[in-house]
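Student: A structural model of the following input is requested.
(chains A and B)
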Protein chains: 2
Amino acid sequence: MEEKLKRIQNKELGQKVVTAAEAASWIKDGMTLGLSGFTRAGDAKAVPTALVKRAEAGESLKVNVYTGASLGSNIDKLFAEAGIVNKRIPFQAEPSMRKAINAGEHLFVDQHLSHTSEMLRGDAMEAVDYAIIEAISVTENGYIIPSTSVGNSVAFAETADNIIIELNTAQPMELEGMHDIYGPGKQGDRDPIPLKEVDQRIGKVGIQVDTDKIKGIVFTHQPDSASTIVPPDEETQQIANHLLNFFREEIQAGRLTEKLMPLQSGIGSVANAVLHGMLDSEFKDLTVYSEVLQDAVFDLIDAGKVSFASACSITLSEDKMKHVFSNLAEYQSKLVLRPQEISNHPEIIRRLGLIAINTALEFDIYGNVNSTHVGGTKMMNGIGGSGDFARNARLGIFVTKSIAKNGDISSIVPYVSHTDHTEHDVDVIVTEQGYADLRGLAPRERVPQIIENCVHPLYKEALWEYYQEALERGGQTPHVLEKAFSWHANFREHGTMLPAVPQV
Amino acid sequence: MEEKLKRIQNKELGQKVVTAAEAASWIKDGMTLGLSGFTRAGDAKAVPTALVKRAEAGESLKVNVYTGASLGSNIDKLFAEAGIVNKRIPFQAEPSMRKAINAGEHLFVDQHLSHTSEMLRGDAMEAVDYAIIEAISVTENGYIIPSTSVGNSVAFAETADNIIIELNTAQPMELEGMHDIYGPGKQGDRDPIPLKEVDQRIGKVGIQVDTDKIKGIVFTHQPDSASTIVPPDEETQQIANHLLNFFREEIQAGRLTEKLMPLQSGIGSVANAVLHGMLDSEFKDLTVYSEVLQDAVFDLIDAGKVSFASACSITLSEDKMKHVFSNLAEYQSKLVLRPQEISNHPEIIRRLGLIAINTALEFDIYGNVNSTHVGGTKMMNGIGGSGDFARNARLGIFVTKSIAKNGDISSIVPYVSHTDHTEHDVDVIVTEQGYADLRGLAPRERVPQIIENCVHPLYKEALWEYYQEALERGGQTPHVLEKAFSWHANFREHGTMLPAVPQV
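Tutor: Below is the predicted model of the structure:
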């Protein structure tokens, strides 16, 4: 109990401790919840779970669920299976929820991760009734100190009428001091965000709120879900090697130095593998300005390759979590966690000149990228921060394996089945086959770069054929529109994008 | 001559006056030119024309042509017809050039207008050999004072080895003091851009260059081409009315005040008509933070509706040009011209919370927008600044008439044939039928809003049919991919998107 009380330094707030079930009982049908949590880190765990129990007990209940990004702790799975979600915003990455979304069982709004807080502050979405925020402590003067992510918690706490805090005693107290909480304020009455360096601190150690809005504090003791990242394989290793070679060419051309520029890397195994590939490279004094820090960033810090890393969330595998959390003091001077509206802000991304590396689901011969929709219709996870970064970065890089499903899917198609990033925002594309540098190229110049450097040999000829036919029709961006999606139709009907082999 | 010499206050530079033909003779085959000019305003006129003469005289010559945006003075027409362009960047709006681009006769790179200068500074495109910049004067300490546009002239002058100045004595000297020249500097070594208010000045009165780089000064006397804007018609008037009603609803909901937020309006007749529609409205104390100021902005200033306007170019009809240029002193305290990397900068657009109004070529039932490609393949003009604004604005609004070609084209289609702005960046869509407010809506919620409020009666039923069939397949964004472009195919084959009427 003493350990617990250390976590609430404000005496008045000490009176507000309740059970998760009691806090969950305040949530009414039709309300909107703003939950902490970004890529399985720092998510509110107990109150959402208690809320699901109400539905499981037979109560009819639907709520809107806003978060930073994806949640761990099975929250999205429980929500989806209990059928209590009306609308989910702005990102998810959970199979049951994905299924429910694609079946039209609940609504999902796929947003740029820097936009949600702007829309809330501008009153352009349903307002948050309850912000439910995981924290490691509440200070004497009422600052909420977040845990392993900041996400959208600042905007949720600022705009919500009511706040519930989950004080998670499984999260180390050494996280205190690692956060840098800065809110940009209202549009039209804003100062420039003063951030000029990756390691700069511009805000406060916690989220300042009107303590009257804090309706309850729930104690929990549950570690974050470990990340499900898979180790690098041969193809991701090749992608990493091609990318490192591209960087070497840039250095030779005098466009980069060995320090490169601050690195952003999207969530997922491919992006993690790419950063991992830098471990044995000559690059040094690297910095990271990203939305999420995965295992590879800590490996790079341990190896002395990365001197500082800024993000809005830390998401680690089980082993890495143990290592990092038991040595947190060593990392304190090398890490900062910011709100996602700062980690992903166009102003900062452009100012710092980031190198942004994100994963594509598919791209086309002109360099348009699909990050979200399988076969053009089914949501995978969401665009996440890839648009915030790619549009504004010095280098917008997309990586993917050239084929999937044992070759039955080509990641490079005549026409992307859904567009998340347009030709205007895609600088470099990398597959295990090689890389295509598209900067300053007209559409007709991009085609040979992409087909020759990035496409799997299984599909090269068919893409050239499509393009030759398209060229006969002319235009800035030649296409045979009635065949543009024929590869996707082929996959849907025959289970493969491969052209049919003539039957003898 | 005395009048002319007043325009060169630096004596040393007075020695560098040459003819246009002589200056043009320095340009070699294969070079890259950076020309001043944005939306027919402030374009370099004499040297490009002299260069074309060399080609017409039989010389084999190809150059890359970078500008701010579109040019007037027939420059792009002359370039295209003489066949001297290798690559054109980042925007054009000229029929002959459009034809050459779509025939594949020369290359065109369609860029966000805020990106070109970043790419030049980052050495990510062919460097500029000659910057050719129209100016009204050169000061004693070597500042170049631009004329009616700033465009990319700062980045061109900074990065080019050689500068040619066209001193246009037809441009009024009263333009001096109207420019605010600020360069953001190198990425990674930048300060925040200190601009917090539309009317704030953060830079210098002209472009500071190393005078040794100025290789020649050419005198010209030729007004800008007048804009080709057409007056509001019934449909554009209806679009304006719907938009004003939307603003009224926003005010009622407490999200806007009668001052609205700083307005941006794209180039063209529809956008001009929308601003024009504000003349007789109750809105007041408006400000404009845009890339180009067209006639309507000056009407609004004259009517006391707009208190201040910031842009990177002034483009007027012939009559309006006469009026404005003979009363320039009156406008001086109400106008500022900035580089396009500032007028279109995500940092500023987001900070100020703009209302951005741009024209769509077509959009689809989920709110994706095509701004550039007719039938998915043929370039119209380019994306221009619409992406800079729509992505970062407080309100990203797109306007268009619901039909074209007497009803044979529906501007709203099942699937846009080219994507410039994704669902993530489009807040409100307005046609003469009404408006659809898409903020915070999931794809399946957007469809009825768009079909019922924006689509022409001729096409409503067919769009509902497509959507119903798509729904049977499910997904976050239901589509029948093999029919997604069937409307475009129908138009290509039969000259209409209208469903075939059964023959009796």
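Student: So which bits of stretch A:90-98 are buried?
Tutor: Buried residues in stretch A:90-98, counting neighbours by 16 or more other CB atoms under 10 Å in any protein chain shown, are found at A:90-94, A:97-98. Glycine gets a C-beta too; all of them are placed from N, C-alpha and C.
Student: longest helix anywhere in chain A?
Tutor: Ranked by residue count under DSSP state H, the longest helix found in chain A is helix A:234-252.
Student: So what touches it?
Tutor: A:232, A:256-258, A:260, A:269-270, A:273-274, A:276-278, A:281, A:283, A:357, A:397, A:399, A:401, A:428, A:430-432, A:434-435, A:437 (CB atoms under 8 Å, 6 or more residues apart in numbering or on different chains).
Student: how far out from the middle of the chain is the helix or strand that contains residue A:120?
Tutor: Per DSSP states H and E: residue A:120 is located in helix A:115-121. Helix A:115-121 sits 16 Å away from the centroid of its parent chain (CA atoms, centre = their mean, to the nearest Å).
Student: packing partners for the helix or strand just after that helix?
Tutor: Using DSSP H and E, the helix or strand that directly follows helix A:115-121 along the chain is strand A:130-138. Applying 3 or more CB pairs under 8 Å, 6 or more residues apart in numbering or on different chains; DSSP states H and E, one finds that strand A:130-138 contacts strand A:32-35, strand A:143-146, helix A:153-159, strand A:162-168, strand A:214-220.
Student: For residue B:3, find the nearest of the ones you listed.
Tutor: helix A:153-159 (58.4 Å; CB to CB).
Student: close to chain B, is that closest one?
Tutor: No. Shown here: helix A:153-159 not in contact with chain B (CB under 8 Å from any CB of the partner chain), separated by at least 13.3 Å.
Student: which residues touch the helix holding residue A:120?
Tutor: With contact meaning CB under 8 Å, 6+ apart, helix A:115-121 is reached by A:34, A:66, A:89-90, A:111, A:125, A:127-128, A:152, A:154-156, A:158-159, A:186-187, A:339-341, B:350, B:394, B:424, B:439-440.
Student: May I see the helices and strands packed on strand A:130-138 arranged in a markdown table, with distance to residue B:227, mean neighbour count and mean pLDDT as well?
Tutor: Compiled in a markdown table, these are given as follows (distance: least, CB to CB, whole Å; neighbours: other CB atoms under 10 Å in any protein chain shown; pLDDT from 0 to 100):
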| stretch | distance to residue B:227 | mean neighbour count | mean pLDDT |
| --- | --- | --- | --- |
| strand A:32-35 | 47 | 27 | 98 |
| strand A:143-146 | 53 | 27 | 98 |
| helix A:153-159 | 42 | 26 | 98 |
| strand A:162-168 | 53 | 26 | 98 |
| strand A:214-220 | 57 | 21 | 98 |
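Student: a markdown table please, covering the ones you listed and showing distance to residue B:492.
Tutor: Shown next, in a markdown table, are the helices and strands packed on strand A:130-138 (distance: least, CB to CB, whole Å):
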| stretch | distance to residue B:492 |
| --- | --- |
| strand A:32-35 | 46 |
| strand A:143-146 | 55 |
| helix A:153-159 | 47 |
| strand A:162-168 | 57 |
| strand A:214-220 | 61 |
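Student: Show me what residue of the stretch 51-200 of chain A gets nearest to chain B.
Tutor: residue A:187 (2.8 Å; CB to the nearest CB).
Student: quick one: what helix or strand has that residue in it?
Tutor: Following DSSP H and E, there is no helix or strand that holds residue A:187.
Student: Contact partners for it?
Tutor: With contacts defined as CB under 8 Å, 6+ apart, residue A:187 is in contact with A:118, A:121-122, B:261, B:350-353, B:394.
Student: Look up the pLDDT of it for me, please.
Tutor: Predicted confidence (pLDDT) for residue A:187: 92.
Student: How about residue A:183?
Tutor: 94.
Student: isn't it right next to residue A:153, touching?
Tutor: No. Look at residue A:183 against residue A:153 with CB atoms under 8 Å: they stay out of range, at 10.8 Å.
Student: Touching both of the two, which residues are there?
Tutor: residue A:339.
Student: before we move on, back to that, just the buried residues of stretch A:90-98: which are in helices?
Tutor: A:97-98.
Student: Name the residues that touch stretch A:203-213?
Tutor: Outside stretch A:203-213, the residues that touch it by CB under 8 Å, 6+ apart are A:10, A:12-13, A:133, A:135, A:139, A:142-146, A:153-154, A:157-158, A:160-163, A:176-177, A:179-183, A:338.
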